[in-house]
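Asks: Prediction below, plus the sequence it came from.
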Amino acid sequence: MTVDAEASGAAADAYTASVVGGTGFTGGELLRLLAGHPNFEVVQATSRSADNMTVGRSHPNLRGLDLRFSDPEDLESVDVLFAATPHGVSMERIDEFTEAADTVVDLSADFRLPEADAYDEWYDGHESPEYLERAEYALPEINRGNLPGADLIAGGGCNATATILGLKPLVDAGALGPESGEVVVDVKVGSSEGGAGGGAASSHPERSGVVRPYAPTGHRHEAEIEAYIGLSVSFTVHAVDMVRGASATCHVFPDEPVSKGDLWGAYRDAYADEPFERIVSGGGGVYRYPEPKAVAGTNHGEVGFELDPGNRRVVVFSAIDNMMKGSAGQAVHAANVALGLPETAGLEFDGLHPVGAP
């Protein structure tokens, strides 16, 4: 369904796109990215609650976008459909989504785990398990080779994304494996992770000034980490006083003693050619290690580390914008790879400094 560039006067490799669930925070970020993308034309954004209202009414930064929300039951035929819906919606409507679009990119948890048994254990089962084998995990840093031509792409969870980006280079270098010592992961996240309808716990008065454990054990993203890097982790998440961002601090104990040179080698091997990954580890200045504030609004991820030579502990740090690298930006990056577009298309924004809140 690629648009005929010569007939339409558009640039080569132009694709129509829709966003299902466009009034949420993630839907707004998708619309912002797609509206500025050189290869996408947004032709539909759906919302039951805002049917026929302008996109700018929900997303004031997009008041210049000439588009109104439509009913999600009336899907237009497009090249790429981005689903920014709550968990459970896409698995129920996946037949409709795949009929409406050549490529479906789902940002919920509905297709990101490869096995139906995992949904029985961590969620409430799965309505369409036959699609799980077909889905490709969206994070290009670990699944780039399988994304070209994919017609169902499953976005990663923001907490899992931050953790995987921090730990995967050590796994690839052979420093960590299933028989390694305990891996302890502590993630701190902003209020936008709760979504536009996050409730009292995400409201500004309740969130202000807190460092609140909200998932001390049993977080669902543990299953995602296990699936894609093969490590069991002791995983805890804190809600903190920021709007955007996810910061993971991982305490790991490699199988054999490692040096700082080994660590630099592992991370450079993994990320030297990655367009969105930065290694930030103990340099000068204020921002010596990865911080969400430094990547706010961008698709960049920052990773860093410090070695504790006394007990062979390595402390790994990683930071992302949960709405971007952890959600909408990751989805657009994956779509770029799937369609054979430049990976950085529509994602070139490098952020702002200083900023008041991430």
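Replies: Sure thing, it's come through. Numbers count the residues shown, from 1 in each chain.

Asks: Tell me where this structure has helices.
Replies: 5-8, 25-35, 55-58, 89-100, 116-122, 140-143, 158-172, 204-207, 221-229, 260-271, 329-339 (DSSP state H).

Asks: Can you report how many residues neighbour the closest residue to residue 153 other than its chain neighbours?
Replies: Spatially, and ignoring its direct neighbours in sequence, residue 153 is nearest to residue 105 (4.5 Å; C-beta to C-beta, 6 or more residues apart in numbering). Any C-beta I mention is one placed from the backbone N, CA and C, and that applies to glycine too. Burial measure for residue 105: 29 neighbouring residues, criterion other C-beta atoms under 10 Å.

Asks: heads up, I number from 51, so please use that
Replies: Sure thing, new numbering starts at 51, so read that last one as residue 155.

Asks: Could you report the separation of residue 155 from residue 326?
Replies: Look at residue 155 and residue 326: by C-beta to C-beta, to the nearest Å, they are 17 Å apart.

Asks: what's the answer for residue 112, then?
Replies: Taken as C-beta to C-beta, the spacing of residue 112 relative to residue 326 amounts to 23 Å.

Asks: between these two, who's got more neighbours?
Replies: Applying other C-beta under 10 Å to residue 112 and residue 326 shows that residue 326 carries more neighbours, namely 23 against 18.

Asks: contacting residues around the more buried one?
Replies: 191, 348-351, 375, 383, 394, 397 (C-beta atoms under 8 Å, 6 or more residues apart in numbering).

Asks: Which single one of those residues is nearest to residue 104?
Replies: Comparing the contacts of residue 326 against residue 104 with C-beta to C-beta picks out residue 397 as the nearest, at 25.3 Å.

Asks: The residue lying closest to the closest one once chain neighbours are set aside: how many residues sit nearby?
Replies: Excluding its sequence neighbours, the residue lying closest to residue 397 (C-beta to C-beta, 6+ apart) is residue 349, at 4.4 Å. As a burial measure, the neighbour count of residue 349 was computed by other C-beta under 10 Å and equals 26.

Asks: Give me the phi and psi angles of residue 349.
Replies: Listed backbone geometry of residue 349 is phi -100, psi 10, with angles given as degrees, to the nearest 10.

Asks: State the distance from it to residue 270.
Replies: Separation of residue 349 from residue 270 (C-beta to C-beta) stands at 24 Å.

Asks: Please apply the same query to residue 150.
Replies: For residue 150, the distance to residue 270 - C-beta to C-beta - is 28 Å.

Asks: ditto for residue 188
Replies: Using C-beta to C-beta, we find residue 188 at a distance of 17 Å from residue 270.

Asks: higher neighbour count, those two?
Replies: A side-by-side neighbour count of residue 188 and residue 270, using other C-beta under 10 Å, places residue 188 first with 28 against 20.

Asks: roughly how far apart are the nearest residue to the more buried one once chain neighbours are set aside and residue 401?
Replies: Excluding the flanking residues, the one nearest residue 188 by C-beta to C-beta, 6+ apart is residue 384, at 3.9 Å. The spacing between residue 384 and residue 401, counted by C-beta to C-beta, is 21 Å.

Asks: Could you do residue 94 as well?
Replies: Here the criterion is C-beta to C-beta. By it, residue 94 lies 30 Å from residue 401.

Asks: Of those two, which one has the most company?
Replies: Legend: neighbour count by other C-beta under 10 Å for residue 94 and residue 401, higher for residue 94 (22 against 16).

Asks: Relative to residue 68, how far out is residue 125?
Replies: 7 Å.

Asks: scratch that, residue 108
Replies: Summarising the geometry, the distance separating residue 108 from residue 68, computed by C-beta to C-beta, is 16 Å.

Asks: same check, this time on residue 306
Replies: Computed as C-beta to C-beta, the residue 306 to residue 68 distance reads 50 Å.

Asks: Could you report the pLDDT at residue 226?
Replies: In the predicted model, residue 226 carries a pLDDT score of 89.

Asks: May I see the buried residues of stretch 206-226?
Replies: Burial within stretch 206-226, assessed by neighbour count using 16 or more other C-beta atoms under 10 Å, is assigned to 206-221, 223, 225-226.

Asks: Run the chain-centre distance for that stretch.
Replies: The gap between where stretch 206-226 is centred and where its chain is centred comes out at 13 Å by C-alpha atoms, centre = their mean, to the nearest Å.

Asks: ditto for stretch 154-168
Replies: On the basis of C-alpha atoms, centre = their mean, stretch 154-168 sits 13 Å off its chain's mean C-alpha point.

Asks: measure it end to end?
Replies: Across stretch 154-168, the terminal residues are separated by 22 Å (C-alpha to C-alpha, to the nearest Å).

Asks: List the buried residues in it.
Replies: 154-164, 168.

Asks: with the residues you listed in mind, which one is nearest to residue 142?
Replies: Nearest to residue 142, judged by C-beta to C-beta, of those is residue 160 at 8.7 Å.

Asks: The closest one contacts residue 205, doesn't it?
Replies: No: with the criterion set as C-beta atoms under 8 Å, residue 160 and residue 205 do not qualify as a contacting pair; they are 9.7 Å apart.

Asks: Alright, I will stop here.
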